[in-house]
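Trainee: Mind folding the following:
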Amino acid sequence: MQYNLELIGALIILIGSVFLFLAAIGLLRMPDFYTRIQAGTKASTLGTILTFIGLAFLVPNWIGKLLVLILFILITNPISSHVLARAAHFIGVPLANISATDKLKEAENNDLLNNPVENTEANDNQ
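Mentor: Residues are numbered from 1 along each chain as shown. I've put the predicted structure just below:
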């Protein structure tokens, strides 16, 4: 029975390692900063979680600690990548030439056109 758990844990760790490797390749191959963040965050999050799940099979005494780490990774990785992407967009890091659209820029332009502060100022002046 112990051998089966070790084998399952090792296979899950191997799958997690493959996802971490794919994240590293994505960081090298993607054309711009924004797609690199996406590739690195999604694949590395899944790879790390799978690695921790595999470790839980190998060392059952660590399950509580590993669950806390998995929860921490699930919360911090997406938030940190979102903050990095917003900061990069704010300072003007360009998109790749093959990017079709910039939804954040479109939303910012729409907010400028439909800004309620400007409408209230115009009504106050009348």
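Trainee: contacts, neighbours, all on C-alpha from now
Mentor: Will do.
Trainee: Any regions of the protein where pLDDT drops low?
Mentor: By pLDDT under 70, the weakly predicted segments of the chain are 112-126.
Trainee: tell me the helices in this structure, going along the chain?
Mentor: Applying DSSP state H to the chain gives helices spanning 2-29, 33-58, 63-91, 103-113, 116-125.
Trainee: Kindly compare burial across those helices and name the winner.
Mentor: Across the helices of the chain, averaging neighbours per residue (mean count of other C-alpha atoms under 10 Å) puts helix 33-58 on top, at a mean of 21.
Trainee: what angle sits between that helix and helix 63-91?
Mentor: Interaxial angle of helix 33-58 relative to helix 63-91 (axes from the mean of the first three to the mean of the last three C-alpha atoms, to 10 degrees): 180 degrees.
Trainee: and Asn97, which of the helices of the chain is closest to it?
Mentor: Nearest to Asn97, of all these, is helix 33-58, at 12.1 Å by C-alpha to C-alpha.
Trainee: okay, the angle between the closest one and helix 2-29?
Mentor: Taking the same axes, to 10 degrees, one finds helix 33-58 and helix 2-29 inclined to each other by 170 degrees.
Trainee: Summarise which helices and strands helix 33-58 is packed against.
Mentor: Helices and strands touching helix 33-58, by 3 or more C-alpha pairs under 8 Å, 6 or more residues apart in numbering; DSSP states H and E, are helix 2-29, helix 63-91.
Trainee: so what secondary structure elements neighbour the last one?
Mentor: When contacts are defined as 3+ C-alpha pairs under 8 Å, 6+ apart, helix 63-91 packs onto helix 33-58.
Trainee: Same question for the first one.
Mentor: With contacts defined as 3+ C-alpha pairs under 8 Å, 6+ apart, the packing partners of helix 2-29 are helix 33-58.
Trainee: quick revisit: how about the helices of the chain in TSV, adding distance to Asn97?
Mentor: Formatted as TSV, those follow (distance: least, C-alpha to C-alpha, whole Å):
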stretch	distance to Asn97
helix 2-29	15
helix 33-58	12
helix 63-91	15
helix 103-113	15
helix 116-125	34
